[in-house]
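Novice: Have a look at this prediction, sequence included:
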Amino acid sequence: MKRKINFNAGPAILPEEVLKHAAEAVIEYNNSGLSILEISHRGKAFDNIIQESCELISELCGLNNDHTVLWMHGGGRLQFSMIPMNFLAQNGSAGYIDSGHWAEEALEYATYYGDVQILASSKEHTYNRLPQWPEHISKDLAYLHYTTNNTIYGTQYKNVPDCKVPLIADMSSDIFSCKRDYASYAMFYAAAQKNIGPAGCAVAVIRKDMLQRVVRDLPPMLRYQAHAEQGSVLNTPPVFAIYASLLMLRWTKAKGIAAIEKENNQKAELLYSEVERNSLFHANVKRKEDRSTMNVCFTAKNKDDESAFLNFCEMQNIIGIKGHRSAGGFRVSIYNAMPLKDVQKLVSVMQEYEKD
Ligand code: PMP
């Protein structure tokens with residue numbers, strides 16, 4: 001098969017070795033005489049998969065025993081819902097930083113459960129920069145939620161912000177992409193389909209004391225504590241998606257986050273430099289310190305170049321660079337699994353297009 005160069009924002013590419021091992025396991029898992037699609041979620045084999053994957057996540061994030069790692073259903077949006085359900089009382093307040101579409105959707109979900117304070121927003125700038133982090137954060141807030149990487153607009157918080165209330169982060173589009181003080185979060189979570197594995201599952205990492213702070217009665221599937229007590233097998237989990245994620249976690253560990261971060265910076269620098277040099281394009285995010293290393297967003301100076309450049313790329317086997325419908329232009333997603341050589345290829349295609 002001739003693989004396409006796929007810069008889609010998610011589901012995103014997975015390394016070929018991960019795909020190969022996942023495909024083998026679909027036929028037979030570990031000489032068990034069974035496909036991975038057929039094994040019991042209550043059996044020893046899957047027990048080992050859950051255990052190893054949770055240990056790897058803990059290890060990659062440098063966590064000790066203070067946090068619990070959970071595999072969840074429902075992608076990012078179920079976390080948008082469960083966080084306020086569990087931690088925001090009807091008469092309580094939670095702080096949200098509105099740095100983009102997903103941050104805004106997360107805060108909208110929270111309004112169903114209690115008071116939501118938007119502590120900072122860059123909406124008036126169409127999210128082309130990070131909002132200024134608030135100087136004063138009330139100690140009465142149940143938590144503060146922010147999105148580390150804004151997938152649609154291409155901005156990213158690289159450092160952990162200062163925060164005296166429980167800090168909760170949506171890391172769906174940049175988990176494991178850089179070194180971070182993961183242990184300082186009360187909770188972080190990520191939908192799997194970018195840096196963790198295939199779509200169909202999500203990871204939620206919660207500091208154990210938070211599990212005692214649940215503010216309302218909830219059925220078990222919506223209560224973090226119940227998932228923790230049942231070791232992420234409260235009901236039938238997406239066995240195959242979690243197994244493929246384990247393969248990706250092993251790949252991530254073998255490479256190491258420091259090396260991944262270095263390569264991510266290289267890839268992003270290469271692409272932003274070309275966008276700035278090329279006379280046909282301009283970068284959407286002007287402040288360099290706000291730019292994402294995961295999603296590089298840019299626009300054609302001449303509207304006619306928009307579809308023409310997409311077609312030109314497609315002829316070169318490059319797909320997935322059309323910007324999100326709410327942002328327009330182009331978005332090139334270069335998550336951890338994207339090799340440098342494919343970014344180099346895109347850069348040379350941008351240069352060829354300019355010459356043509
Ligand atoms: N958060 C972020 C940062 C995202 O990029 C996305 C999806 N691209 C989501 C949340 C929503 O994830 P899901 O589609 O799994 O609900």
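Specialist: Great, that's in hand. Numbering: from 1, shown residues only.

Novice: Smallest gap between this protein and the ligand, at which residue?
Specialist: residue 75 (2.2 Å; C-beta to the nearest ligand atom). In this view, the C-beta of every residue, glycine as well, is placed from N, C-alpha and C.

Novice: How many neighbouring residues does that residue have?
Specialist: Neighbour count for residue 75, taken as other C-beta atoms under 10 Å: 19.

Novice: I figured it hits residue 203, correct?
Specialist: No: if you go by C-beta atoms under 8 Å, residue 75 and residue 203 don't touch, sitting 10.9 Å apart.

Novice: Find residues that contact each of those two.
Specialist: residue 192 (C-beta atoms under 8 Å, 6 or more residues apart in numbering).

Novice: For the stretch 151-300 of the chain, give me the ranges with low pLDDT.
Specialist: By pLDDT under 70, the stretch 151-300 of the chain has no low-scoring segment.

Novice: can you give me the strands for it?
Specialist: Under the criterion DSSP state E, counting those that start in this stretch, the stretch 151-300 of the chain carries strands at the ranges 155-156, 167-170, 187-191, 202-207, 281-283, 295-300.

Novice: Export those as TSV, with columns for mean neighbour count and distance to the ligand.
Specialist: Below are these laid out as TSV (neighbours: other C-beta atoms under 10 Å; distance: least, C-beta to the nearest ligand atom, whole Å):
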stretch	mean neighbour count	distance to the ligand
strand 155-156	26	10
strand 167-170	25	5
strand 187-191	25	3
strand 202-207	24	7
strand 281-283	19	20
strand 295-300	24	9
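
Novice: closest one to residue 235 among the ones you listed?
Specialist: strand 202-207 (14.7 Å; C-beta to C-beta).

Novice: could you say what helices and strands that closest one packs with?
Specialist: In terms of contacts (3 or more C-beta pairs under 8 Å, 6 or more residues apart in numbering; DSSP states H and E), strand 202-207 is packed against strand 67-72, helix 75-87, strand 187-191, helix 224-229.

Novice: Give me the contacts around the shortest one.
Specialist: Meaning strand 187-191. Residues from elsewhere that reach strand 187-191 (C-beta under 8 Å, 6+ apart): 10, 72, 75-76, 79, 83, 143, 166, 168-173, 175, 182, 196, 199, 202-207, 210.

Novice: Any idea how far that strand is from the middle of the chain?
Specialist: Relative to the centre of its chain, strand 187-191 is centred 8 Å away, using C-alpha atoms, centre = their mean, to the nearest Å.

Novice: Note down every partner strand of that strand and its orientation.
Specialist: Strands that pair with strand 187-191, judged by DSSP bridges, come out as strand 167-170 (parallel), strand 202-207 (antiparallel).

Novice: need the helices and strands packed on strand 202-207 in JSON lines with distance to residue 278, can you?
Specialist: Below are the helices and strands packed on strand 202-207 laid out as JSON lines (distance: least, C-beta to C-beta, whole Å):
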{"stretch": "strand 67-72", "distance to residue 278": "41"}
{"stretch": "helix 75-87", "distance to residue 278": "33"}
{"stretch": "strand 187-191", "distance to residue 278": "32"}
{"stretch": "helix 224-229", "distance to residue 278": "47"}
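
Novice: So which of these is the most surrounded?
Specialist: For the helices and strands packed on strand 202-207, average neighbour numbers computed from mean count of other C-beta atoms under 10 Å are highest in strand 187-191, which has a mean of 25.

Novice: That one vs helix 75-87, what angle?
Specialist: Angle of strand 187-191 versus helix 75-87, following axes from the mean of the first three to the mean of the last three C-alpha atoms, to 10 degrees, is 150 degrees.

Novice: domain parsing for this protein?
Specialist: Domain ranges of the chain: 16-255, 257-355, per automatic domain parsing.

Novice: so residue 40 touches residue 46, yeah?
Specialist: Yes: counting by C-beta under 8 Å, residue 40 does reach residue 46; the two are 6.6 Å apart.

Novice: the more surrounded of the two?
Specialist: Set residue 40 next to residue 46 and count neighbours by other C-beta under 10 Å: residue 46 wins out with 19 against 12.

Novice: contacting residues around the more buried one?
Specialist: Residue 46 is in contact with 39, 40, 233, 239, counting by C-beta under 8 Å, 6+ apart.

Novice: so it, which of the three states?
Specialist: Of the three states, residue 46 takes helix under DSSP: H, G, I helix; E, B strand; the rest coil.

Novice: if I look at it, how far off is residue 248?
Specialist: Per C-beta to C-beta, to the nearest Å, residue 46 is found 17 Å from residue 248.

Novice: go on, residue 109?
Specialist: For residue 109 relative to residue 248 (C-beta to C-beta), the value is 27 Å.

Novice: quick one: which of the two has more around it?
Specialist: Ranked by neighbour count (other C-beta under 10 Å), residue 109 and residue 248 place residue 248 first, with 27 against 19.

Novice: shouldn't that one be in contact with residue 12?
Specialist: No: the pair residue 248 / residue 12 is not scored as a contact, 10.6 Å apart, by C-beta under 8 Å.

Novice: those helices in the stretch 1-150 of the chain, which residues are they?
Specialist: With DSSP state H, counting those that start in this stretch, the ranges of helices along the stretch 1-150 of the chain come out as 16-27, 44-60, 75-87, 101-110.

Novice: in the shortest one, what's buried?
Specialist: Judged by neighbour count (16 or more other C-beta atoms under 10 Å), helix 101-110 contains these buried residues: 101, 102, 103, 104, 106, 107, 109, 110.
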